[in-house]
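Q: Just to be clear, the model below is a prediction. Sequence and coordinates:
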Amino acid sequence: MNAYEVLNVPVTATRGEIRAAYRALARRWHPDRFMQGPERDWANDKMAQINAAYRECLDGLGGAAHAQRADSERLRQIEQMIDDGKYLVARRMLMGFTTRCAEWNYLFGAVLMRLRETEKALIYLSVAAHQNPESVKYARALREAQEGRERSARRFMRRR
């Protein structure tokens, strides 16, 4: 059994949910609730398993939080690269990410727009706006990309 199964919580559980599950199990299986003998020994083993699972789940949260902070810092660096005109380097760095959050999709779309790959950029900007519908920045970028595509289409039609 993995730690989340021991505590009977989903992998996406918050610190509060993990703590609540741990406390409920600790109240139920604490060895002091059992008479001296084999039941108490079994409860000791069960409590050791619960404690280990609790630590493992909390450690997992810490590792995820650290990774998220590191990714956020890298995304800020990439945004600066885009502002500095280093589009190909920014694109290469973005391709190294395993997690594709709304900010990642926004930045990738921004890079593609600057590289004049409008159709592809629209896809990524659309995903960013969908992942975080409250973001004014993402909605504005998507709207500007759509308007840019429409302007290009009108220019193309005038040339014909």
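A: Sure thing, it's come through. This structure is a prediction, so every number in the text was calculated from the model and none was measured.

Q: So which elements touch the lengthiest helix in the chain?
A: Secondary structure of the chain per DSSP state H: the longest helix is helix 38-83. Helices and strands touching helix 38-83, as assessed by 3 or more C-beta pairs under 8 Å, 6 or more residues apart in numbering; DSSP states H and E, comprise helix 3-7, helix 15-29, helix 87-95, helix 102-114. Heads up, the C-betas are built off the backbone N, CA and C, glycines and all.

Q: any idea how the protein splits into domains?
A: 1-84, 86-160 (automatic domain parsing).

Q: Tell me which helix or strand in the protein has the weakest average pLDDT.
A: Counting by mean pLDDT, DSSP states H and E, the chain has its least confident helix or strand at helix 38-83, which shows a mean of 85.

Q: between it and helix 102-114, how many degrees?
A: Put simply, helix 38-83 runs at 20 degrees to helix 102-114, going by axes from the mean of the first three to the mean of the last three C-alpha atoms, to 10 degrees.

Q: Excluding residues flanking it in the chain, which one is nearest Pro133?
A: Ala139 (7.8 Å; C-beta to C-beta, 6 or more residues apart in numbering).

Q: which stretch of helix or strand covers that neighbour?
A: Using DSSP states H and E, Ala139 maps to helix 136-159.

Q: Touching, Leu7 and Leu25? I think so.
A: Yes - proximity of Leu7 to Leu25 meets the contact threshold set by C-beta atoms under 8 Å, at 6.7 Å.

Q: list residues touching both of the two?
A: Common contacts of Leu7 and Leu25, defined by C-beta atoms under 8 Å, 6 or more residues apart in numbering, comprise Ile50.

Q: The two: which is more packed in?
A: Leu7 (24 against 20; other C-beta atoms under 10 Å).
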